[in-house]
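*Asks:* need coordinates for the following:
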Amino acid sequence: LSLRARALFEASDTIKLILTYSHSFVSDATQVLFFPVPGTSLAEEFAGGTRTSPFKTTETDPTKFNVRVNMVTLKGEFDLGFADLASYTMYRQQRSFNEFAIDGSDLQIFANRYIVKDKTYTQEFNLTSKPGSRLSWVLGLFYYNDNEHGPFDVAAGGAPEGPGYFARQGSRAYAAFGDATWEIGSNIFLTGGLRYNREKRIGHYQTFSTIVGPVGSGDGTKTFQSVTPRAVIRWEPAERTSLYASFSRGFKSGLFNVNGQDATNAVPPEKIDAFEVGFKTVASGGLRFNTSAFYYDYSNLQVASYEATASRIRAAGTAEIYGAEAELFLPATTRLNLKAAIAYTHAKYKQFDGAPFQTQCLDVACGPAFGLWLATPVSAAGNDLQRAPRLTGNFAADYRLPLSGGSKFDLHGDVSYTSRFFFDPVEQFSQKKYALVNLRATWTSANDRLSISAFGNNVTNKTYRTQLLPLPFLIAQTFGQPVTYGASVTVRY
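*Replies:* Sure, this is the predicted structure:
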C-alpha cells in the first residue's frame, strides 16, 4: 500500500512552498523466509526439512515481516534578489516488525521476534548564486537527528518468546559546506568544495537472556568530526559535450555495535578517496552517451556481518575499487527508444584482519555447541568485497504506438545481467551469474490522467539468492521473487 499527496503554496512571486506527505505499508514474509543452504543444518537432517521450494515451507513457527513508513517533507524556495535560498525539511517515522525461526527444521528449536522503531528529522539550507556570472557558488547548512530503538525477543525449545535484549542507537549531526565553480577559460570550468561534519553517536543496550549474550547493559557516546574536500575540472569542447576529472574525499561516521551487545568499542569512521574521469555527450537526434572510469581507496571500510543472533559492523583495514562503466540512450525511431549500460568493477580488500570464517562444530567435545556454526577470525586480504560482481549490464527497449483519439500504447522490455559475487568477505558463499527479464504494456488516456498496465517480472522464472546469513543452527538464504504477473491502474489528478 502506498499513498502520496502534495500541496503547492505560492505566497508571492518570490516565495514558494511545497508540502508532501507519503505513507507506505509492506507486508511480505518472503523477506525473512530463511531456508538452510543444503547440508548446513543438523536439525533439518534429523527432524525433516522445511524447504519444499524457494517459496514453500513446512515451518511451524510464525513467519512475519512488515514495515510501515510515514514521511512529511517541506521544500521552501525564496528569491532573495542577490541569491536563491532553498530550505529542505524532512520528518520520517518507520516501524518494522520481524518474526521468524532460525533453526532450519520443523521442530520449534529457536525463533526470534524484533521490532525496530526509527524517527529521523533533517533540515538543510542552500544559498545559491544567481546565474549569469563566470563564478557560481552554493553555501549550505545541514542538521540530522536520528533515533532507532527496539526490543529483540527470543524463544527456545518451543517456549513462548521472551525478552532477549533491547538496543538503541542515536545520531546528531551538523554540517556546513561550500562549493564554487569558476569558468577559468573558454569552456573550462574549475570546481572546488569543502564540507565540515560533526556527528555525535549515542549507543545503549540491555541484555536480558543468556541465549543472546551475557546479561548486562552498556552505554556509549562518541563524537566524530571530518573536513572533506572535492575538486573537479571540466571542459566542454562542444555544446552538450563535456570531459571531466574529479577528486573527492568521503566520510562515514563511526558507530556502536549495540545489536552485538557492545556500547564501549566504537567502530572507527569509514573514509574514502575517490578519483573519476569521464565523458558525457548529447548528440543531435537525442542520442546520449556517458562513460567514466573510477578508483576508490577506502580506509576502515565498514563491513556488516550476521553472527549468532546479532548483526555486527567491522572495520576492514583498507580496500580498493576500480572500474569503468558506460551507458547509451538511442532514439532508434520516432517510436522506438533503446537503452544499454555496462559496468566492470574490481573490488578487493587490501587488508582485513578479523573477518568471520564460518565453521560448524561437529566434534563431541563441543558439548552444547555441537552442530552450531561459529565464527573464526581470519584475514580476508586479497578477497573480493561482498556483493561486488565483476560485470553488470542491462538493456531496455521502449516502443510507443499512438492510437486514435490521442491515447497511446507503450511496450517495455528489459534484461539485466549480474556476474558471480560473494555474500561474505572470506568468499565462502556466493551467488552464481544470472539474468532477469521484465516486460510491461501500458495504455494511457489522451489526457494522461488514466493509465492501465499489465506486467511480468522475472518472466523466465530465474531462481537466485538475495541474501545469505550465518545463523547459529544453519547457513540461511533467501531468494529473489519468482516469476510474477500483475496489473496496475494509475489515476493522476
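*Asks:* which neighbouring elements make contact with whichever strand or helix holds Ser248?
*Replies:* For Ser248, the enclosing helix or strand under DSSP states H and E is strand 241-252. Contacts of strand 241-252 with other secondary structure elements, assessed using 3 or more CB pairs under 8 Å, 6 or more residues apart in numbering; DSSP states H and E, are made with strand 216-238, strand 270-282. Yep, even glycine has a C-beta here, placed from its N, CA and C like the rest.
*Asks:* of the ones you listed, flag the one that's most buried.
*Replies:* The highest mean neighbour count among those, using mean count of other CB atoms under 10 Å, belongs to strand 270-282: a mean of 16.
*Asks:* what are the buried residues along the next helix or strand after that one?
*Replies:* Past strand 270-282, heading to the C-terminal end, the next element that is a helix or strand (DSSP H and E) is strand 288-307. Residues of strand 288-307 classed as buried by neighbour count (16 or more other CB atoms under 10 Å): 290, 292, 294, 296-303, 305-307.
*Asks:* want to try CSV for those residues, with pLDDT and distance to Ile115 as columns?
*Replies:* Putting the buried residues of strand 288-307 into CSV (pLDDT from 0 to 100; distance: CB to CB, whole Å) gives the following:
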residue, pLDDT, distance to Ile115
Asn290, 97, 43
Ser292, 98, 42
Phe294, 98, 39
Tyr296, 98, 36
Asp297, 97, 39
Tyr298, 96, 33
Ser299, 96, 35
Asn300, 95, 31
Leu301, 94, 30
Gln302, 93, 24
Val303, 91, 26
Ser305, 81, 22
Tyr306, 74, 18
Glu307, 68, 21
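*Asks:* which one of the residues you listed sits closest to Ile188?
*Replies:* Set against Ile188, the nearest of these by CB to CB is Ser292 (19.0 Å).
*Asks:* any idea how far Ser445 is from Ala435?
*Replies:* Using CB to CB, to the nearest Å, one gets 34 Å for the distance from Ala435 to Ser445.
*Asks:* and the spatially most central residue of the chain, how close does it get to Asn457?
*Replies:* Using CA atoms, centre = their mean, the residue of the chain that lies closest to the mean C-alpha position is Arg387, 11.6 Å off. With distances taken as CB to CB, Arg387 is found 21 Å from Asn457.
*Asks:* rewinding a little: okay, now the sheet partners of the strand holding Ser248, with direction.
*Replies:* When sheet partners are counted by DSSP bridges, strand 241-252 sits next to strand 216-238 (antiparallel), strand 270-282 (antiparallel).
*Asks:* what lies in contact with that strand?
*Replies:* With CB atoms under 8 Å, 6 or more residues apart in numbering as the test, strand 241-252 has contacts from 197, 226, 228-237, 269-282, 302.
*Asks:* may I ask which helix or strand encompasses the closest residue to Ser27 other than its chain neighbours?
*Replies:* In space, not counting the residues next to it along the chain, Ser27 is nearest to Asn66; the distance is 4.1 Å by CB to CB, 6 or more residues apart in numbering. Asn66 is located in strand 64-79, with elements delineated by DSSP H and E.
*Asks:* which neighbouring elements make contact with the helix or strand following that strand?
*Replies:* Proceeding C-terminally, strand 64-79 gives way to strand 83-101 as the next helix or strand, assigned by DSSP H and E. Based on contacts counted as 3+ CB pairs under 8 Å, 6+ apart, the elements that strand 83-101 packs against are strand 64-79, strand 110-129.
*Asks:* of those strands, which is nearest Gly193?
*Replies:* Ranking the helices and strands packed on strand 83-101 by distance to Gly193, with CB to CB as the measure, places strand 110-129 first at 12.8 Å.
*Asks:* and that closest one, what does it pack onto?
*Replies:* Helices and strands touching strand 110-129, as assessed by 3+ CB pairs under 8 Å, 6+ apart, comprise strand 83-101, strand 135-156.
*Asks:* return the helix or strand in this structure with minimum mean pLDDT.
*Replies:* Using mean pLDDT, DSSP states H and E, the weakest-scoring helix or strand in the chain turns out to be strand 51-53, at a mean of 57.
*Asks:* that older thread, make TSV out of the helices and strands packed on strand 110-129 and add mean neighbour count, distance to Lys16 and mean pLDDT.
*Replies:* Written out in TSV, the entries for the helices and strands packed on strand 110-129 read as follows (neighbours: other CB atoms under 10 Å; distance: least, CB to CB, whole Å; pLDDT from 0 to 100):
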stretch	mean neighbour count	distance to Lys16	mean pLDDT
strand 83-101	17	10	94
strand 135-156	17	19	94
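*Asks:* nearest to Trp373, out of those strands?
*Replies:* Put simply, out of the helices and strands packed on strand 110-129 the one that sits nearest Trp373 is strand 83-101, at 15.6 Å, with distance taken as CB to CB.
*Asks:* CA atoms only for the closest one - export them in PDB, please.
*Replies:* Backbone C-alpha positions of strand 83-101 (Å, rounded to 0.1, in the frame of the first residue of the first chain) are rendered in PDB as follows:
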ATOM      1  CA  ALA A  83      20.800  34.800  -4.400                       C
ATOM      2  CA  ASP A  84      18.200  32.000  -4.100                       C
ATOM      3  CA  LEU A  85      17.600  30.300  -0.800                       C
ATOM      4  CA  ALA A  86      16.200  26.800  -0.600                       C
ATOM      5  CA  SER A  87      15.000  25.000   2.600                       C
ATOM      6  CA  TYR A  88      14.500  21.300   2.800                       C
ATOM      7  CA  THR A  89      12.700  19.900   5.900                       C
ATOM      8  CA  MET A  90      12.000  16.200   6.400                       C
ATOM      9  CA  TYR A  91      10.400  14.100   9.100                       C
ATOM     10  CA  ARG A  92      10.300  10.300   8.700                       C
ATOM     11  CA  GLN A  93       8.900   7.700  11.000                       C
ATOM     12  CA  GLN A  94       9.400   4.000  10.400                       C
ATOM     13  CA  ARG A  95       8.300   0.800  12.200                       C
ATOM     14  CA  SER A  96       9.300  -2.700  11.200                       C
ATOM     15  CA  PHE A  97       8.200  -6.000  12.600                       C
ATOM     16  CA  ASN A  98      10.100  -9.200  12.100                       C
ATOM     17  CA  GLU A  99       9.300 -12.700  13.400                       C
ATOM     18  CA  PHE A 100      10.900 -15.900  12.100                       C
ATOM     19  CA  ALA A 101      12.500 -19.200  13.100                       C
END
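*Asks:* pull up the pairing partners for that strand, direction included.
*Replies:* With DSSP bridges as the test, strand 83-101 is paired with strand 64-79 (antiparallel), strand 110-129 (antiparallel).
*Asks:* tell me which of the ones you listed is the most buried.
*Replies:* For the strands paired with strand 83-101, where neighbours mean mean count of other CB under 10 Å, the stretch averaging the most is strand 110-129, with a mean of 17.
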